[in-house]
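> Sharing a sequence plus its predicted fold:
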Amino acid sequence: MTLIKWNPVVRPTLFNEIDSWFNSLSSDLPTFSNEKSKWRPHFEVLNGNDAYRVRADLPGLDKKNVDIEIKDDILTIKGERKNDSINQNDYSEFTYGEFARSFSLPDDVKLEGIKASMKDGVLALEIPRMEKVDPKVKRISIK
């Protein structure tokens, strides 16, 4: 199993451009009163020699509002950014709401060694990898 990776389209097409435009449109529109919109924080997955590193940009979120779990080799990070102080006539370009992102974990992950930290609105997970074991090759001579 491998990490789910995002691969940008090499040659953009009209359909990809329109799809991208509609996807970004909902997060770019301002919200009025207590409207709930879908919040999509940005994530990155770095593939190091000794560990995978997952980082999420979660501005305005406290670590108590973030939940991280692993079930059936699927890493899920979810949370919610709330603003209870918005009044009926207020205007905001910030996006609030719940989010959830899931990543398939590869076979070489050490589940017991995963560390998570959060500083300045950036969630960082370090997921250690098992050392590569080279298969032993035994030569058999032909008589």
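That came through fine.

> quick check: mean pLDDT across stretch 66-80?
Averaged across stretch 66-80, pLDDT comes to 94.

> actually stretch 89-100, sorry about that
In the prediction, stretch 89-100 has an average pLDDT of 84.

> list the buried ones in it?
Thr95, Tyr96, Gly97, Phe99 (16 or more other C-beta atoms under 10 Å). C-beta: built from backbone N, CA, C; applies to glycine.

> Can you add distance to Asp84 and secondary structure and give these back as JSON lines?
Listed next are the buried residues of stretch 89-100 as JSON lines, based on distance: C-beta to C-beta, whole Å; DSSP: H, G, I helix; E, B strand; the rest coil:
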{"residue": "Thr95", "distance to Asp84": "15", "secondary structure": "coil"}
{"residue": "Tyr96", "distance to Asp84": "10", "secondary structure": "coil"}
{"residue": "Gly97", "distance to Asp84": "13", "secondary structure": "strand"}
{"residue": "Phe99", "distance to Asp84": "18", "secondary structure": "strand"}
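
> Including distance to Val137, could the residues you listed go into JSON lines?
Shown next, in JSON lines, are the buried residues of stretch 89-100 (distance: C-beta to C-beta, whole Å):
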{"residue": "Thr95", "distance to Val137": "55"}
{"residue": "Tyr96", "distance to Val137": "57"}
{"residue": "Gly97", "distance to Val137": "54"}
{"residue": "Phe99", "distance to Val137": "47"}
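
> Can you tell me which of the residues you listed lies closest to Pro135?
Closest approach between those and Pro135, by C-beta to C-beta: Phe99, at 41.3 Å.
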